[in-house]
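In: fold the following, please.
(chains A, B, C and D)
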There are 4 protein chains.
Amino acid sequence: MAVCGPSVCTPEEAAAARSVGELLAAAGAVVLCGGYGGVMEAAAEGAARAGGLVIGVLSGADRTGANRELSAAIVTGMGQARNHVLVASADAVIAVGGSWGTLSEVAMAVRSGSTPVIGLGGWRVLDAGGTELPGPRQASSPEEAVGWALES
Amino acid sequence: MAVCGPSVCTPEEAAAARSVGELLAAAGAVVLCGGYGGVMEAAAEGAARAGGLVIGVLSGADRTGANRELSAAIVTGMGQARNHVLVASADAVIAVGGSWGTLSEVAMAVRSGSTPVIGLGGWRVLDAGGTELPGPRQASSPEEAVGWALES
Amino acid sequence: MAVCGPSVCTPEEAAAARSVGELLAAAGAVVLCGGYGGVMEAAAEGAARAGGLVIGVLSGADRTGANRELSAAIVTGMGQARNHVLVASADAVIAVGGSWGTLSEVAMAVRSGSTPVIGLGGWRVLDAGGTELPGPRQASSPEEAVGWALES
Amino acid sequence: MAVCGPSVCTPEEAAAARSVGELLAAAGAVVLCGGYGGVMEAAAEGAARAGGLVIGVLSGADRTGANRELSAAIVTGMGQARNHVLVASADAVIAVGGSWGTLSEVAMAVRSGSTPVIGLGGWRVLDAGGTELPGPRQASSPEEAVGWALES
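Out: Below is the predicted model:
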């Protein structure tokens, strides 16, 4: 399960990401994230707190900037092409908060057609006419988000 | 210059993409696109009509499905990680119409911080509070979009 | 630490890879491999037997063909570009046996200039004049290979 | 057609690469190369001299270091994962001279099973027992190498 979100986030987003990581790990899921700060770090902290396995899929060419909660790091050295790797590796994607990098991950996951995408306080996407597009399923709590991810 | 957009599009979007490709090529720019149908094919047609160079950056592992207007194809064999390659290769990105794949390209280009992104009839992105986010600059015509791309 | 090698291998190569995986895991190292059969599977078996963490970095777009010993799989969906990800993620690379895919990993690791590469019964590379090139350091046993990898 | 080779090369290798690029372009083939110096630059010069199309597939995240002969540059920003893109895009690969990066490209092309690989003064690969492995077909001149590539 991948937890995506911005590298700079609010305390509320960090708390939500921490809960998501913890709940996923407590349920036995491997937690994947982008490996850096903000939502990524909070999700990793949560997973580590539950004794789970958490893997950071880094965009950089070495481990610089990786958070300290990771069980292991994958160093892609591929910039944002790593967003694809993160999404392709996940049975479901939970996005906490929003950023352009996060949106690219959400968009690729929805595009794949096979990966459930769940949003928690994230961005919304409208078509040119102003109609909201059916993309990520919006959860109202970490518990709901994780529940949907696990049943997928 | 990259022209992005959905592989299935309206006649209006195709016409706009054709104009964008033609205007870019007429100005001497190399046109990059995703290499398949819809907006990608229309942009390639426009560029070819103007005698320009148009390169398709394909997601597949061979040339299956590539349109016939390409001067050359780059076969990434990397699925949607090719979206990153397309965006990273472009001095500016013009998105015509919307799709989740297109949105991932727009998002990665905005995220890069260095590539101007111009939308033409594309999707819009709101934050969780419903405020539209400053991302792609919305053009009202192919001429305006190409003008902005070339001055960037 | 990455263990590389062919997906079809001899019993001797499998035994060597199993020992390498086991020794690495027993020393507390995370074991990375390509995630499929042959040497990759044997290395994963060894790591699992020692209770270690073993991650398969898959070339495919889903988990088809992944071996059953993996703690987690990274699905790159990028074909052989995954060889780069595997190598870039490793503090050292141990190649057991030879194949063209394995050779590409060895070559990228040597090319990086920063990753120690250790060969165990693998291929050799000569320049055009027939002189053997200094590339991977050739070990004579799994113990020696792992010892060199851990001291790097 | 891809021309691969080291970024630092001998005058003889540069002359051979220039001829290969020129002969390919004269035959109407699009020439692909890694986009930087040495053999890559010489192949691009040859192709440009013949009025052909030459595309550099760069490993970096921008055009820094690209040679000036390219018709267009693809910026992968993916480090050596670009070697895969270069090889996957080619109907045939001609390797002039040897380096570890070049060897990774040759190895991935042979591994693909579908791309003819032709060597010109390049490295040789032996198995653990010292037997030369059937990989790239060794040409004795640029004319022979290009002839084999075009008939493939």
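In: and the lengthiest helix in chain A, which residues are buried?
Out: Ranked by number of residues, the top helix in chain A under DSSP state H is helix A:11-26. Applying a neighbour-count criterion of 16 or more other CB atoms under 10 Å in any protein chain shown, one finds A:13-14, A:16-25 buried in helix A:11-26. C-beta coordinates here come from the backbone N, C-alpha and C atoms, glycine included.
In: ok, stretch A:142-152 next?
Out: A:142, A:145-146, A:148-149.
In: what about it and chain C, touching?
Out: No - taking CB under 8 Å from any CB of the partner chain as the criterion, stretch A:142-152 and chain C are apart, separated by no less than 15.0 Å.
In: ok, stretch A:9-23 next?
Out: No - in terms of CB under 8 Å from any CB, no part of stretch A:9-23 sits within range of chain C; the closest distance is 14.8 Å.
In: same question for that stretch, mean pLDDT?
Out: Per-residue pLDDT values over stretch A:9-23 give a mean of 98.
In: quick one: it to chain centroid distance?
Out: Centroid separation for stretch A:9-23 versus its chain: 11 Å, with CA atoms, centre = their mean, to the nearest Å.
In: ditto for stretch A:16-36
Out: 8 Å.
In: restrict that stretch to CA atoms and write it as PDB.
Out: C-alpha atoms of stretch A:16-36 as PDB (Å, rounded to 0.1, in the frame of the first residue of the first chain):
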ATOM      1  CA  ALA A  16      -3.500  11.700   9.500                       C
ATOM      2  CA  ALA A  17      -0.500  10.200   7.600                       C
ATOM      3  CA  ARG A  18       0.900   8.700  10.800                       C
ATOM      4  CA  SER A  19      -2.500   7.100  11.500                       C
ATOM      5  CA  VAL A  20      -2.700   5.700   8.000                       C
ATOM      6  CA  GLY A  21       0.800   4.200   8.200                       C
ATOM      7  CA  GLU A  22       0.100   2.700  11.600                       C
ATOM      8  CA  LEU A  23      -3.200   1.200  10.700                       C
ATOM      9  CA  LEU A  24      -1.900  -0.300   7.500                       C
ATOM     10  CA  ALA A  25       1.100  -1.800   9.200                       C
ATOM     11  CA  ALA A  26      -1.000  -3.100  12.100                       C
ATOM     12  CA  ALA A  27      -3.100  -4.900   9.500                       C
ATOM     13  CA  GLY A  28       0.100  -6.500   8.100                       C
ATOM     14  CA  ALA A  29       0.400  -4.400   5.000                       C
ATOM     15  CA  VAL A  30       3.800  -3.300   3.600                       C
ATOM     16  CA  VAL A  31       3.800   0.500   3.500                       C
ATOM     17  CA  LEU A  32       5.400   2.200   0.600                       C
ATOM     18  CA  CYS A  33       6.100   5.900   0.400                       C
ATOM     19  CA  GLY A  34       8.300   8.400  -1.400                       C
ATOM     20  CA  GLY A  35      10.900   8.200   1.400                       C
ATOM     21  CA  TYR A  36      11.400  11.900   2.200                       C
END
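In: do that stretch and chain B meet?
Out: No - judged by CB under 8 Å from any CB, stretch A:16-36 and chain B are separated, with a smallest distance of 11.7 Å.
In: grab the two from the buried residues of helix A:11-26 that are most spread out in space.
Out: By the measure CB to CB, A:13 and A:25 form the most distant pair in those, at 18.5 Å.
In: helices along chain A, start to end?
Out: A:11-26, A:39-49, A:81-88, A:100-112, A:142-151.
In: for the residue nearest to residue A:59 when sequence neighbours are not counted, give its distance to residue D:3.
Out: Of all residues not flanking residue A:59 in the chain, residue A:82 sits nearest, at 4.3 Å (CB to CB, 6 or more residues apart in numbering or on different chains). Counting by CB to CB, to the nearest Å, the gap from residue A:82 to residue D:3 is 29 Å.
In: any chance of the helices of chain A in CSV, with distance to residue D:129 too?
Out: Formatted as CSV, those follow (distance: least, CB to CB, whole Å):
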stretch, distance to residue D:129
helix A:11-26, 48
helix A:39-49, 47
helix A:81-88, 37
helix A:100-112, 45
helix A:142-151, 51
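In: between those helices, which one is nearest to residue C:127?
Out: helix A:81-88 (33.4 Å).
In: how close does the residue of chain A positioned farthest from its centre get to residue D:90?
Out: Distance from the C-alpha centroid of chain A peaks at residue A:129, with 28.9 Å (CA atoms, centre = their mean). According to CB to CB, residue A:129 and residue D:90 sit 44 Å apart.
In: who in chain A is up against chain B?
Out: A:78-81, A:83-85, A:87-88, A:97-101, A:103-105, A:107-108, A:110-112, A:121-128, A:130, A:133, A:135.
In: rerun at 7 Å
Out: By the rule CB under 7 Å from any CB of the partner chain, the part of chain A lying against chain B is A:79-81, A:84, A:88, A:98, A:100-101, A:103-104, A:107-108, A:110-111, A:121-128, A:135.
In: ok, which residues in chain A are in contact with chain C?
Out: A:30, A:53, A:55, A:57, A:61, A:71-77, A:84-85, A:88-89.
In: can we see that at 6 Å?
Out: Within reach of chain C by CB under 6 Å from any CB of the partner chain, chain A has these residues: A:30, A:55, A:72, A:74-77, A:85, A:88-89.
In: show me those that map onto strands.
Out: A:55, A:72, A:74-75 (DSSP state E).
In: returning to what we had before: which stretch among the helices of chain A comes nearest residue C:7?
Out: Nearest of the helices of chain A (CB to CB): helix A:81-88, 20.6 Å.
In: that closest one packs against which elements?
Out: strand A:54-58, helix A:100-112, helix B:81-88 (3 or more CB pairs under 6 Å, 6 or more residues apart in numbering or on different chains; DSSP states H and E).
In: re earlier: do you know the pLDDT at the residue farthest from the centre of chain A?
Out: For residue A:129, pLDDT reads 89.
In: residue ranges with poor pLDDT in chain A?
Out: Along chain A, no part satisfies pLDDT under 70.
In: 90 - rerun?
Out: Where chain A drops to pLDDT under 90, the residues are A:122, A:128-129, A:134-135, A:152.
In: if we can go back for a sec, between residue A:82 and residue D:3, who's got more neighbours?
Out: Taking other CB atoms under 10 Å in any protein chain shown, residue A:82 and residue D:3 do not tie; residue D:3 has more neighbours (34 against 26).
In: if we can go back for a sec, dump the helices and strands packed on helix A:81-88 into JSON lines; add distance to residue A:40 as well.
Out: Formatted as JSON lines, those follow (distance: least, CB to CB, whole Å):
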{"stretch": "strand A:54-58", "distance to residue A:40": "7"}
{"stretch": "helix A:100-112", "distance to residue A:40": "10"}
{"stretch": "helix B:81-88", "distance to residue A:40": "18"}
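In: and these: which comes nearest residue A:48?
Out: strand A:54-58 (6.0 Å).
In: so what strands line up beside that closest one?
Out: Strand A:54-58 has the following strand partners under DSSP bridges: strand A:31-33 (parallel), strand A:72-75 (parallel).
In: coming back round to it: from the helices and strands packed on helix A:81-88, which stretch is densest packed?
Out: helix B:81-88 (a mean of 29; mean count of other CB atoms under 10 Å in any protein chain shown).
In: can you give the distance from it to the centre of its chain?
Out: 11 Å.
In: what inclination does it have with respect to helix D:81-88?
Out: With axes from the mean of the first three to the mean of the last three CA atoms, to 10 degrees defining the directions, helix B:81-88 sits at 100 degrees from helix D:81-88.
In: which one of the residues of chain A next to chain C has the most neighbours?
Out: residue A:76 (33 neighbours).
In: disregarding flanking residues, what is the spatial nearest neighbour of it?
Out: Nearest one to residue A:76, counting by CB to CB, 6+ apart, is residue A:82 at 4.1 Å.
In: which ones are touching the one you found?
Out: Going by CB atoms under 6 Å, 6 or more residues apart in numbering or on different chains, residue A:82 touches A:57, A:59, A:76.
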